[in-house]
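> Here is my input, please return the structure:
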Amino acid sequence: MKILGVLIIIAGIALGIYLGIYLMLFGGIVQIVNGVNPIDAKDIALGVLRVLFCEMGFIPVAIGWSVGIYFIMND
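Numbers count the residues shown, from 1 in each chain. Modelled structure (predicted):
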């Protein structure tokens, strides 16, 4: 059970990094840049929102951490 707990923690951290940095932060910046050339206010606004909410990548980390610690402690 301890190995499963550690794997869940690692998976939660990996998913949080992917969601927070790649999808939200990098994707938001790319969306802002793509919305500037032919000015598209919707793309710019949604890109700014994605960048502002890139901290949402913490949610999978917190869930994975909590579940992983539960499996480690209840061996």
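
> Show me where the protein has its helices.
2-17, 27-36, 41-52, 58-73 (DSSP state H).

> How many neighbouring residues does Gly20 have?
20 (other CB atoms under 10 Å). In this view, the C-beta of every residue, glycine as well, is placed from N, C-alpha and C.

> sorry, back to before: export the helices of the chain as a markdown table, with columns for mean neighbour count and mean pLDDT.
As requested, those are exported to a markdown table (neighbours: other CB atoms under 10 Å; pLDDT from 0 to 100):
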| stretch | mean neighbour count | mean pLDDT |
| --- | --- | --- |
| helix 2-17 | 15 | 95 |
| helix 27-36 | 15 | 93 |
| helix 41-52 | 14 | 94 |
| helix 58-73 | 15 | 94 |
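
> Contact partners for Asp43?
For Asp43, the contacting residues are Gln31, Ile32, Asn34, Gly35, by CB atoms under 8 Å, 6 or more residues apart in numbering.

> what's the nearest residue to the third one if we skip its chain neighbours?
Translated: Asn34. Among residues not flanking Asn34 along the chain, Asp43 sits closest, at 6.2 Å (CB to CB, 6 or more residues apart in numbering).
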